[in-house]
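Chemist: this is a predicted model, with the sequence first.
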Amino acid sequence: MSNKAKIREEAKKLNPIDDLMFRKMAEDKEFCQEILRVILEDDQLIVLESIPQWVGANLQGRSVILDAKCVKGDGTQIDIEVQKADDDDHQRRVRYNGAILTTNISDPGIRFEKVPDVCVIFISKFDMFESNFALYHIDRVVRETGKVVDNGFQEIYVNAMIKDNSEVSELMKVFVDDAVYNSKFPKTSEAKHRYKETEGGINVMCEIMEKIAEEERAEGKMELLIDLVKDGIITIAEAAKRINMTEDIFSENMKKQL
């Protein structure tokens, strides 16, 4: 089987729970609006804007790429993340993403009372808290009084593992099960069908996967050439020529690896 054929087979296996498909689907704000209405239990919710792969810059540390950043009608900024693997401290990931989103959308010198409200919604294939709920809301609670307090930041966790016949659980079936479509979620079902089963949609996903593969190959080649330069096996000029870039650009990339 050729490499293109393998990529095509892998593309057909994608579902909305996979960030590659989700990010493409999130280009449609009506899709984001549909799932947010379910998760936030607000059938009047309006999404003004949706931006997939939104970059949150951090000049002094790690920047982030959010799967989708949405803006609600009331101005609340929402980060939607999808995750299949339980392979990291995802609660800290949510905390970090929320902090980077907040700093990037807050104007310099703003009074703290004007800091925008932010909500991070974490959609996973696994039950984060292992308590058999499909939907979890994390509240800030004063330990001494039990009172819930609000600082404008929300954490909401949704998972596809728990099947409890709730509307959220039904939506998650569309996210993870190959053959499941649901007329209750037309935007989600239509987009999933388009990118999973139509020729044009599958081709779009293949192009995305091929681009990522090319970028990974280029990154691997860059790392190898940097190692060769550091070991004194080749010069910067030779390395730059092999990867078809100027010596200055190669040197800049080399500094980033040090």
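Modeler: On my side now, so go ahead.

Chemist: how about the helices of the stretch 51-200 of the chain, start to end?
Modeler: With helices called from DSSP state H, counting those that start in this stretch, the stretch 51-200 of the chain shows them at 90-105, 167-176, 186-197, 199-230.

Chemist: now for the longest one, which elements pack on it?
Modeler: To tie it back to what came earlier, the one meant is helix 199-230. For helix 199-230, the helices and strands in contact under the criterion 3 or more CB pairs under 8 Å, 6 or more residues apart in numbering; DSSP states H and E are helix 3-12, helix 19-25, helix 186-197, helix 236-242, helix 247-257. C-betas here are computed from N, CA, C, even on glycine.

Chemist: and for Met245, the neighbour number?
Modeler: Here the count is done by other CB atoms under 10 Å, and Met245 has 15 residues near it.

Chemist: again but with Phe22, I slipped
Modeler: For Phe22, the tally of surrounding residues (other CB under 10 Å) stands at 25.

Chemist: and it, how far is that from Asp43?
Modeler: Phe22 is 22 Å from Asp43, where distance means CB to CB, to the nearest Å.

Chemist: try Phe126
Modeler: Here the criterion is CB to CB. By it, Phe126 lies 28 Å from Asp43.

Chemist: ok, these two, which is more surrounded?
Modeler: The neighbour comparison of Phe126 against Asp43 (other CB under 10 Å) goes to Phe126, with 15 against 7.

Chemist: per-residue confidence for that one?
Modeler: pLDDT, Phe126: 97.

Chemist: dump the residue contacts of the nearest residue to it once chain neighbours are set aside.
Modeler: The spatially closest residue to Phe126, leaving aside those adjacent along the chain, is Asp86, at 4.5 Å (CB to CB, 6 or more residues apart in numbering). By CB atoms under 8 Å, 6 or more residues apart in numbering, the contact set of Asp86 is 124, 126, 128.

Chemist: so the last one touches Leu135, yeah?
Modeler: Yep, that's Met128 we're talking about. No. At 10.9 Å, Met128 and Leu135 do not qualify as touching, with contact defined as CB atoms under 8 Å.

Chemist: so what touches the lowest-mean-pLDDT helix or strand in the chain?
Modeler: Using mean pLDDT, DSSP states H and E, helix 247-257 stands out as the lowest-scoring helix or strand of the chain, at a mean of 82. Contacting residues not belonging to helix 247-257 are listed as 222-223, 225-226, 229, 236-237, 239-240, 243 [CB under 8 Å, 6+ apart].

Chemist: what angle do that helix and helix 199-230 make?
Modeler: Calculated by axes from the mean of the first three to the mean of the last three CA atoms, to 10 degrees, helix 247-257 forms an angle of 90 degrees with helix 199-230.
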